[in-house]
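Q: Generate a structure from the sequence data that follows.
(one chain, ligands or ions: 1)
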Amino acid sequence: MNQWKGKPYHSLDYELRKQFGQKIYKLSLDGGMTCPNRDGAIGRRGCIFCSEGGSGDFAVPASAGASVFSRIEEAKLQVQKKAPSAGGLRYIAYFQSYTNTYGPLEYLEALFTEALSHPDIAAVSIATRPDCLDGQVVNLLARLNRIKPVWVELGLQTIHEETAAFIRRGYPLPVFEKALDRLNAGGLTAVVHVILGLPGETPSMMYSTVRYLAHKNIQGLKLQLLHVLKGTDLAALYESSPFPVFTMEEYIDTVIRCVELLPPEVVIHRLTGDGPKSLLLAPAWSGSKRLVLNALHKRFRESGSWQGKEYTDT
Ligand code: SF4
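A: Modelled structure (predicted):
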């Protein structure tokens, strides 16, 4: 466990300090694209949990005419207000909102090249859908990855097709597998998002998703508590026929089990949720991320648990 500076899991902060020799901050940016699950190409209502901001409610918007450089500068100011020192900071340009490879190739090339060329940007992270990663896009990203690290974040959420249909994810599991193969072949860093607590899923279904990913060539995982956000179809469902949501204790037990199932080399990018408090409908306890993380770390210590404890490579 000491391999992660005393933490019971391979945290993103640990990995970034190892790779870049300092703390790295994320700048949440809007790449100015939409999503095929919202514009009608696949669907019009989006994933059932997706808020108006397209899962990027904190992102600096791609306001008309603003260059990527100026958006980066604007986002840097927000971080510097909270960061202990205003000088010498480095950042990840995180294209978070909607589907950030859903645009013409030339547009993507110009956008990401400009972000990478900013001297304070250490890496670029691109959130997208596996069905928006054809060979040409992956070739472009692989080329850019030779300039500075490029990470690709895929919203899988679950491996179970019945849940995927319920949440209107809009693609079957083989599409994810094909995209991951392409990313692996291109030498790109793949980070996968999983939601814990989707309606109808038992803990054993969530563990199957994590166990499946533990045996794939992924470099990072985001475990996200299901947030019911105001204004979403999930919120309408919750209000008309409430479904059970995790208590904090149940969530902590589930997360710890998931972490135990992962191999030590997979970087854990997130263990809770990061939704906007103003939109949070349920679970109410999840509004305080610090409280949840403290309780989680305490339970890790008490239970003597660590990442990989229950991982087997077969
Ligand atoms: S793929 Fe992402 S942006 Fe598109 S609807 Fe689903 S959560 Fe929202």
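
Q: Low-confidence regions, this structure specifically.
A: Counting by pLDDT under 70, the low-confidence segments of the chain come to 1-2, 54-65, 84-87.

Q: Those residues of it touching the ligand, which are they?
A: By C-beta under 6 Å from any ligand atom, the residues of the chain that approach the ligand are Cys35, Asn37, Arg38, Gly46, Cys47, Cys50, Gly54, Ser55, Tyr98, Thr99, Arg129, Gly155. Yep, even glycine has a C-beta here, placed from its N, CA and C like the rest.

Q: List the pairing partners of the strand or helix carrying the last one within its sheet, with orientation.
A: With elements delineated by DSSP states H and E, Gly155 resides in strand 150-157, which encompasses its position. Each strand that pairs with strand 150-157, with its direction, by DSSP bridges: strand 121-128 (parallel), strand 189-196 (parallel).

Q: Specify the stretch among the ones you listed that is closest to Gln3.
A: Set against Gln3 and scored by C-beta to C-beta, the strands paired with strand 150-157 come closest in strand 189-196, at 19.7 Å.

Q: ok, back up a step: from the residues of the chain next to the ligand, which land in helices?
A: Applying DSSP state H to those, no entry is found in helices.

Q: Turn the residues you listed into TSV, including distance to Gly220 and neighbour count.
A: Formatted as TSV, the residues of the chain next to the ligand follow (distance: C-beta to C-beta, whole Å; neighbours: other C-beta atoms under 10 Å):
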residue	distance to Gly220	neighbour count
Cys35	22	23
Asn37	23	26
Arg38	25	20
Gly46	24	24
Cys47	21	24
Cys50	21	21
Gly54	21	22
Ser55	17	22
Tyr98	20	26
Thr99	19	25
Arg129	17	25
Gly155	13	22
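
Q: Give me the contact list for the helix or strand where Ile252 lies.
A: Take DSSP H and E as the rule and Ile252 turns out to sit in helix 248-261. Residues external to helix 248-261 that are found in contact with it (C-beta atoms under 8 Å, 6 or more residues apart in numbering): 8-9, 194, 196-197, 203, 206-207, 210-211, 214, 223, 225, 246, 268, 271, 283, 285-286, 292, 295-296, 299-300, 303, 305-311.

Q: Can you tell me which of the residues you listed are buried?
A: Restricting these to buried positions leaves 8-9, 194, 196-197, 206-207, 210-211, 214, 223, 225, 246, 268, 271, 283, 285-286, 292, 295-296, 299-300, 305-311, with burial counted as 16 or more other C-beta atoms under 10 Å.

Q: The nearest residue to Lys309 once chain neighbours are set aside - how many residues pack around it?
A: Distance criterion C-beta to C-beta, 6 or more residues apart in numbering; nearest residue to Lys309, sequence neighbours excluded, is Glu260 at 4.3 Å. Other residues within reach of Glu260, judged by other C-beta atoms under 10 Å, total 19.

Q: what's the distance between Glu260 and Lys7?
A: Using C-beta to C-beta, to the nearest Å, one obtains 14 Å as the distance from Glu260 to Lys7.

Q: Run a quick neighbour tally on whichever residue of the stretch 201-314 of the chain sits closest to the ligand.
A: Using C-beta to the nearest ligand atom, Thr232 is the residue of the stretch 201-314 of the chain that sits closest to the ligand, at 9.6 Å. Here the number of neighbours of Thr232 (other C-beta under 10 Å) works out to 21.

Q: ok, now which ones touch it?
A: The neighbourhood of Thr232, defined by C-beta under 8 Å, 6+ apart, consists of Ile48, Phe49, Cys50, Ser51.

Q: Mind doing that once more with 6 Å?
A: Thr232 makes contacts with Phe49, Ser51, as judged by C-beta atoms under 6 Å, 6 or more residues apart in numbering.

Q: i'd like the first residue to be 35 from this point on
A: Sure thing, new numbering starts at 35, so read that last one as Thr266.

Q: secondary structure class for Val172?
A: Classification of Val172 using DSSP: H, G, I helix; E, B strand; the rest coil returns helix.
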